[in-house]
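J.: Curious how this folds, go ahead:
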Amino acid sequence: MIVGLTFLLAFLRLASKESKSFIGTNVFLSILMILEQRKWGLLCALLILLILAVGNAYGYGKSVEDLVGVFSIEKNIRLGSSGACFGNSDAVADQLDPALNANPVADNEPPALTSLDLKPKIINSPSRSIGLRAHISDDQSGLSVAKAWFRSPSGGQLEDAVFSSQNRNFGTSRDGIYATNITIPEGAEKGVWFLENLTLTDNQGNYRILHRKDLIGHNLPAEFLVI
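T.: From the prediction side, this is the model:
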């Protein structure tokens, strides 16, 4: 009996080391006091309860590896203020990706006049139409419209000619050849008519205004004669 109790007490002391939260030093000393008083019935009941309790505590006190079940941990990592998360959730587009943030170059350049031809340069009474041919380019949005105004020698009369997609003969709005006519009405003032201005406007609203001196400076025609 004493030998059995000795082994049992050794087991309880070992169990107390495994689960100090459940069996402590005070419980161990209480068992020794009961042995000295030879209260065998009380000792047996206490030992049975302790064995059952220690078994449960021992089972719950095992390492995580012994637990039954499958567990997964979802990890989300947020980088700064980019709003990008990496994990099992749907991926959010990286705001730092240059391919996603590439902005087109702003269109702030007006169209350019490459060449201009005007025929005939002399108008007589039977002929009242002058042909204008222009090469106009715009690097991004393309030409919307170009308009030329010609003024009479005294400045009292004004006639215009329009270049647009409707009279573009070749190319595109970014680089095209345009042809139109300017009609000189009956009774028009005789003398040298000159270019008041030529305004080129692209599809973004950028515009360029060319005057008579600008065309002459580039050896482009800027006047015609009515006789």
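J.: Can you report how many residues lie near the nearest residue to Arg168 once chain neighbours are set aside?
T.: Nearest non-adjacent residue to Arg168, counting by Cβ to Cβ, 6 or more residues apart in numbering: Gly176, 4.6 Å away. Where you see a C-beta, it was placed from the backbone N, CA and C, and this is true even at glycine. Gly176 has 20 neighbouring residues, counting by other Cβ atoms under 10 Å.
J.: Looks like Gly176 contacts Ile136 (just checking).
T.: Yes. Using Cβ atoms under 8 Å, Gly176 is in contact with Ile136, at 6.4 Å.
J.: What is the least confident helix or strand in this structure?
T.: For the chain, counting by mean pLDDT, DSSP states H and E, strand 85-86 ranks last in confidence among helices and strands (a mean of 42).
J.: shaky segments in the protein?
T.: Scanning the chain for pLDDT under 70 picks out 1-104, 125-127.
J.: per the record, what domains does it have?
T.: 2-61, 112-226 (automatic domain parsing).
J.: can you tell me the distance between the two ends of stretch 181-192?
T.: 18 Å (Cα to Cα, to the nearest Å).
J.: Over to stretch 118-137?
T.: First residue to last in stretch 118-137 (Cα to Cα) measures 18 Å.
J.: Need the single longest strand in this structure, by residues.
T.: With secondary structure taken from DSSP state E, the chain has its longest strand at strand 191-202.
J.: Tell me the strands beside that one, with direction?
T.: Paired neighbours of strand 191-202 in the sheet (DSSP bridges): strand 143-151 (antiparallel), strand 207-210 (antiparallel), strand 223-226 (antiparallel).
J.: buried set for the last one?
T.: What it means is strand 223-226. 223-224, 226 (16 or more other Cβ atoms under 10 Å).
J.: try the longest one
T.: By 16+ other Cβ under 10 Å, the buried positions in strand 143-151 come out as 143-146, 148, 150-151.
J.: Provide a list of residues in contact with Gln204.
T.: 107-108, 140-141 (Cβ atoms under 8 Å, 6 or more residues apart in numbering).
J.: Would you map the helices across the protein?
T.: For the chain, the helices defined by DSSP state H cover 2-18, 25-37, 40-60, 98-101, 212-217.
J.: Distance of the closest residue in space to Glu109 that isn't next to it in sequence relative to Asn124?
T.: Distance criterion Cβ to Cβ, 6+ apart; nearest residue to Glu109, sequence neighbours excluded, is Asp139 at 5.9 Å. Counting by Cβ to Cβ, to the nearest Å, the gap from Asp139 to Asn124 is 41 Å.
J.: For those two, indicate the residue with more neighbours.
T.: Counted by other Cβ under 10 Å, Asp139 and Asn124 do not tie: Asp139 has more neighbours, with 14 against 11.
J.: Quick check: that one touching Asn203?
T.: No. Between Asp139 and Asn203 there is no contact under Cβ under 8 Å: 11.8 Å.
J.: got the buried residues for stretch 112-128?
T.: In stretch 112-128, counting by 16+ other Cβ under 10 Å, buried: 113, 116, 118, 123.
J.: On the strand side of things, show who the second one bridges to.
T.: Right, Leu116. Following DSSP bridges, Leu116 is listed with bridge partners Ala134.
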